[in-house]
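> Sequence isn't available, so here's the structure alone:
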């Protein structure tokens, strides 16, 4: 059943994507301005900018009423989490009874959505709180609540009575055809999720399905752990001058990364060969994981795990994905060859003995070549990108495109989990408040380092005709403001911030009837389109000049400077794209029909020989360090696919005027408003005037990778 699809999709997005790097306290800002007037142009900051350029320090007042985290009354203490969990389960039990006993009608879909909402209301909040709350007891209480609700969901996913209630609806042509498009799509998604859980199988096969599902989860967890372990080698096998550049533990050297940006060629080579040396135990885990996934897929009627994973996506089938990837890979080869020539020339200036580019060289020599050609240093741009200025930039974009204002509002007592969390009200000029975004932007001990978007509550239409407004969290790990300076972002941080707000605005602007399909609760290769599209705004000088002002002098970022920065980022874009193509093809091959013709290592070597411009390195096994095989099995292509779609929308729709209100309104109502409630390819066609073909999307990527 699709009851927990929203949470699962959000988890997938957080694992895939390499999301962002990283309060209203006007009095403190004013004092800081007076004290450091010669250094900071605080007078130019708007209220929104001020809220983010100083760090708030709100305290929970034990003498005032505690409204609960996210204004959920039962989330006030570890003990109350159990009460919230029980209320959720009791409400779900009543809704199950209604859905089973009700006659066949379109209201069945509404009941299922209410059931989903009742469970997600606690589960989604708990999923975030368990990893982000600074109080370990509350984290544990949230973890317990999540586990309890997840167990209940597993039971519901195999409930024959619920399945039959939905089956009767889908089989009743008269009733089903009378339903609107979104309701029909949600009903089909619900049934697909039931079938994904093996509900239609005979009892013995259902038990096998449950066992395989558990095996996949356990093996996935073990594989992720294995990707993060150190590789060890006896110190005697490394020269004296090298061994102490790594971590030494007794008579062993431990290497936990590729040291990709180390200036010493020999250090990078040693780290590459040691860190990626094949681990038989990890290899066994990967093979067992791939086999269990395949058996799971064939048990429910698919030829491969990739076929199961791609059902309902924009790409549609493994064959379509492979066509997209191989055509892109073939189109990149000549461009990558030219980029490698540039790397060779750069390396030859530093290593006259060996100017060949090896697989451990690109990261270092690409950065070196970029600096040599464009003299771009991130620190030179940071003063123009104070966090407050960047938030003002987002506000300018959303105000122009959608008539929306981001307003920093004071959270109620107990509503936030850390004293520096900011709460934003997303307010439309005529429609009022559309939703709330909680901005947890600053680093703190034990906080997740990932920058990501969490859905806390999805939007849906209520029985009285009103709308349940969404609440989301954007989690970042920016350094905190200082007494004499605000938080300063790199341009990469800025891109990530815009990316995450692309997700958040998808959630805010969706107005679906059902929370199953609201905002980012859509297929993976569509969910990243709005977020990647926002990155284009972060690279357009017409946009940047509106807010990128030096925090001390108020000088606008020079156009020449941003042009150099953007040019440096495109300098090796073909090579970087080729790397992603190789990984995506590897992912598809591993999750295709079995048995595999070769070992996973030999198969990767074959892919590298065909699609990579650098030769594979023997006695290495990159795939054993590739954790995305767990979170995005058979879907790693999605980022490239979404980027191709976003590029087409930007160049054909937004590029002519990134502040066009008519364009923004069309994008809002014809694409974002529908979330996952309509065919995603059709939504894209609404924007660009046609359903994009594979060749269209390939060409979009190749255009992005031009030198």
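Received the coordinates, thanks. As the structure is a prediction and not an experimental result, all values here were calculated from the model.

> Show me what the helix or strand where residue 575 lies is packed against.
Here residue 575, judged by DSSP states H and E, is contained in helix 573-590. If you count contacts as 3 or more C-beta pairs under 8 Å, 6 or more residues apart in numbering; DSSP states H and E, helix 573-590 packs onto helix 318-348, helix 600-611, helix 628-631, helix 638-649, helix 694-704. From N, CA and C alone the C-beta is placed, and that goes for glycine too.

> Report the angle between it and helix 600-611.
140 degrees (axes from the mean of the first three to the mean of the last three C-alpha atoms, to 10 degrees).

> quick thing: my sequence starts at 591, can you match it?
Renumbered: residue one is now 591, and that last one reads helix 1163-1180.

> now helix 1163-1180 and helix 908-938, what's the angle there?
Using the same axes, to 10 degrees: helix 1163-1180 against helix 908-938 is 140 degrees.

> The residue nearest to residue 1101 when sequence neighbours are not counted and residue 714, how far apart?
Leaving aside its chain neighbours, residue 1101 sits nearest to residue 1263 (5.0 Å; criterion: C-beta to C-beta, 6 or more residues apart in numbering). As defined by C-beta to C-beta, to the nearest Å, residue 1263 lies at a distance of 21 Å from residue 714.

> re the thing from before, would you say the residue nearest to residue 1101 is within a helix?
Yes - counting by DSSP: H, G, I helix; E, B strand; the rest coil, residue 1263 is part of a helix.

> highest average neighbour count across the helices and strands packed on helix 1163-1180?
Most buried of those, by mean neighbour count (mean count of other C-beta atoms under 10 Å): helix 1228-1239, with a mean of 24.

> quick one, the helix or strand just after that one and helix 1228-1239 angle?
Counting by DSSP H and E, the element after helix 1228-1239 in chain order, helix or strand, is helix 1251-1260. Using the same axes, to 10 degrees, the direction of helix 1251-1260 lies 140 degrees away from that of helix 1228-1239.

> Enumerate the positions of helix 1251-1260 that are buried.
Using 16 or more other C-beta atoms under 10 Å as the test for burial, helix 1251-1260 gives 1253, 1254, 1257, 1258, 1260.

> Buried residues in the helix or strand following that helix, which are they?
Counting by DSSP H and E, the element after helix 1251-1260 in chain order, helix or strand, is helix 1270-1278. Residues of helix 1270-1278 classed as buried: 1270, 1271, 1273, 1274, 1277 (neighbour count, 16+ other C-beta under 10 Å).

> quick one: which of the residues you listed is nearest residue 972?
Taking C-beta to C-beta as the measure, residue 1277 is the one of those closest to residue 972, at 34.1 Å.

> wait, what's in contact with the closest one?
By C-beta atoms under 8 Å, 6 or more residues apart in numbering, residue 1277 lies in contact with 1239, 1242, 1243, 1256, 1257, 1260, 1261.

> ok, now with 10 Å
Residues near residue 1277 by C-beta atoms under 10 Å, 6 or more residues apart in numbering: 1119, 1123, 1235, 1238-1239, 1242-1244, 1253, 1256-1257, 1260-1261.

> Look at residue 691 and say how many residues are nearby.
Residue 691: 9 surrounding residues under other C-beta atoms under 10 Å.

> For it, grab phi and psi.
For residue 691, the backbone dihedrals (degrees, to the nearest 10) come out as phi -90, psi -20.

> ok, it touching residue 697?
No - counting by C-beta atoms under 10 Å, residue 691 does not reach residue 697; the two are 12.0 Å apart.

> still on that earlier bit, residue 1263 and residue 714: which is more packed in?
For residue 1263 versus residue 714, neighbours defined as other C-beta under 10 Å are more numerous around residue 714 (27 against 18).

> and whichever strand or helix holds the more buried one, how far from the chain's centre?
Using DSSP H and E, residue 714 falls within helix 697-722. Per C-alpha atoms, centre = their mean, to the nearest Å, the displacement of helix 697-722 from the mean C-alpha position of its chain is 20 Å.

> helices or strands next to the helix or strand just after that helix in the packing?
Per DSSP H and E, helix 697-722 leads on to helix 726-747 as the next helix or strand towards the C-terminus. Helices and strands touching helix 726-747, by 3 or more C-beta pairs under 10 Å, 6 or more residues apart in numbering; DSSP states H and E, are helix 595-606, helix 668-691, helix 697-722, helix 750-761, helix 771-786, helix 793-817.

> so of these, which one's packed in deepest?
Mean neighbour counts for the helices and strands packed on helix 726-747 (mean count of other C-beta under 10 Å) peak at helix 697-722, with a mean of 24.

> still on that earlier bit, output the buried residues of helix 1251-1260 as TSV; include the columns pLDDT and distance to residue 929.
What follows is the buried residues of helix 1251-1260, written out as TSV (pLDDT from 0 to 100; distance: C-beta to C-beta, whole Å):
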residue	pLDDT	distance to residue 929
1253	98	34
1254	98	36
1257	98	34
1258	98	38
1260	96	38
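
> can those go into CSV with extra columns for distance to residue 853?
Listed next are those as CSV, based on distance: C-beta to C-beta, whole Å:
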residue, distance to residue 853
1253, 46
1254, 46
1257, 45
1258, 48
1260, 50
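
> If we only consider these, which is nearest to residue 842?
Using C-beta to C-beta, the buried residues of helix 1251-1260 come closest to residue 842 at residue 1257, 55.7 Å.

> quick one on the thing from earlier: looking at the helices and strands packed on helix 1163-1180, spot the one closest to residue 732.
Counting by C-beta to C-beta, residue 732 lies closest to helix 1218-1221 out of the helices and strands packed on helix 1163-1180; the figure is 21.0 Å.

> before we move on, the earlier item: could you export the helices and strands packed on helix 1163-1180 as CSV, including mean pLDDT and distance to residue 873?
Formatted as CSV, the helices and strands packed on helix 1163-1180 follow (pLDDT from 0 to 100; distance: least, C-beta to C-beta, whole Å):
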stretch, mean pLDDT, distance to residue 873
helix 908-938, 97, 24
helix 1190-1201, 97, 7
helix 1218-1221, 94, 12
helix 1228-1239, 98, 26
helix 1284-1294, 97, 32
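
> for these, which one sits closest to residue 746?
Going by C-beta to C-beta, the one of the helices and strands packed on helix 1163-1180 nearest residue 746 is helix 1218-1221, 24.0 Å.

> Can you get me the centre-to-centre distance for the closest one and its chain?
13 Å.

> What distance do you get for residue 1071 to residue 1039?
When distance is defined by C-beta to C-beta, residue 1071 is 19 Å away from residue 1039.

> the more surrounded of the two?
Higher neighbour count among residue 1071 and residue 1039: residue 1071, with 23 against 10, using other C-beta under 10 Å.

> Can you list the low-confidence ranges for the chain?
The model of the chain has pLDDT under 70 over residues 591-634, 968, 1297.

> in the lengthiest strand in it, what's buried?
In the chain, taking DSSP state E as the definition, the longest strand is strand 1022-1032. Going by neighbour count (16+ other C-beta under 10 Å), the buried part of strand 1022-1032 is 1024, 1025, 1026, 1027, 1028, 1029, 1030, 1031, 1032.
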